[in-house]
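>>> Predicted model follows, preceded by the sequence.
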Amino acid sequence: MSLYVMSDIHGCYDAFLSMLEKIGFSDTDELILAGDYIDRGPQSYEMLQWIERRPPNVCVLRGNHEAEFAAYVELMLLLNRREKLDTDFSSPEDTAALYHSVKYWVRHRITPESSFDVFDLYGTIESLSKQQKITLGDLCRWADMIREMPYYKKLDVGGRICIIVHAGYAEWNEKAVEDFESREQFYLYAREESIRSGGVKNGTVVAGHTPTILKKEFSYTGGKVFRRYDAKKDCVFYNIDCGCVFRDILPGARLACLRLDDETIFYV
Ligand SMILES: [Mn+2]
């Protein structure tokens, strides 16, 4: 039995299936997915459905794209109530109409101030509504599923502590919070801070979030898994987001999978 980690699939469902095949993923293995299943790529719907029906040996963590999806659904529900729209939760037409009203209100900021930074930035909910005819009931079910996703998972791998998280993990201290509102924000959004102020003593942190194919980023490697060892903390930091969703536009971009048992890396 082996323990695998993948991250940042971003609607690349076919690549995800190819990877499961490549690693020969079976019932006796375990898989941890470190968030960002949706947005940017073409198959967010397939990913949501797969996650919903996932086998029990798969653990799904929350990414910032899932958190933003759930926040948008919450805003839809709030405005549905506020405007007394009486949306039928099982009607795709009603759901599309509500979506368009919310989009209009968001654009004109006729929403509560706390929701000013809530957008369906990649048009995922819009395209689910248009192409898959999903309903508000579907959206609520997925938002509930997202709210159940933990922010990180802590494991013991060969006697060392191992944290899997979407973006960064910090053992809490003031320096780590500096630029973040909360520790949850750090888990979801940290980039170079995940090395600078994050990490874990005598252990390993495995994260994604910052594609290693983007030249301007701290973890640029040309699309390979990024690994750095911090001797002071005795901490290994992995960034396994190799920019799968950019495969058609950036040579070298790919999906990575890390086998934790022996730190073997697979690519598709
Ligand atoms: Mn992310």
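Received, thanks. Numbers count the residues shown, from 1 in each chain.
>>> Excluding sequence neighbours, find me the nearest residue to the residue of the stretch 51-200 of the chain at minimum distance from the ion.
Nearest to the ion in the stretch 51-200 of the chain, going by C-beta to the ion, is Asn64, at a distance of 4.5 Å. Any C-beta I mention is one placed from the backbone N, CA and C, and that applies to glycine too. In space, Asn64 comes closest to Leu188 once its chain neighbours are excluded; the distance is 4.2 Å by C-beta to C-beta, 6 or more residues apart in numbering.
>>> Spell out which residues sit in contact with the one you found, please.
Gly35, Arg62, Gly63, Asn64, Ala67, Tyr151, His166, Ala167, His209 (C-beta atoms under 8 Å, 6 or more residues apart in numbering).
>>> now do 6 Å
Residues counted as contacts of Leu188 (C-beta atoms under 6 Å, 6 or more residues apart in numbering) are Asn64, Ala67, His166, Ala167.
>>> Burial check on the residue of the stretch 51-200 of the chain closest to the ion, number of neighbours?
17 (other C-beta atoms under 10 Å).
>>> same deal with the one 4 residues further on?
Using other C-beta under 10 Å, Glu68 has 21 neighbouring residues.
>>> From here on, call the first residue 29.
Sure thing, new numbering starts at 29, so read that last one as Glu96.
>>> tell me the mean pLDDT over the strand or helix carrying it?
Using DSSP states H and E, Glu96 maps to helix 92-110. The average of the pLDDT scores along helix 92-110 is 96.
>>> Mind checking what helix or strand follows that helix in sequence?
helix 120-135.
>>> which residues touch that following helix?
Contacts for helix 120-135 (C-beta under 6 Å, 6+ apart): Met104, Leu107, Asn108, Thr115, Asp116, Thr139, Ser157, Lys161, Thr163, Leu164.
>>> ok, and of these, which contact the ion?
On the criterion C-beta under 5 Å from the ion, none of the entries of these sits beside the ion.
>>> that older thread, and the angle for the helix holding Glu96 with helix 120-135?
Interaxial angle, helix 92-110 versus helix 120-135 (axes from the mean of the first three to the mean of the last three C-alpha atoms, to 10 degrees): 100 degrees.
>>> Tell me the buried residues in helix 92-110?
Using 16 or more other C-beta atoms under 10 Å as the test for burial, helix 92-110 gives 92-105, 107-108.
>>> if we can go back for a sec, drop anything exposed from the contacts of helix 120-135.
Among the contacts of helix 120-135, the ones that count as buried by 16+ other C-beta under 10 Å are Met104, Leu107, Asn108, Thr115, Thr139, Ser157, Thr163, Leu164.
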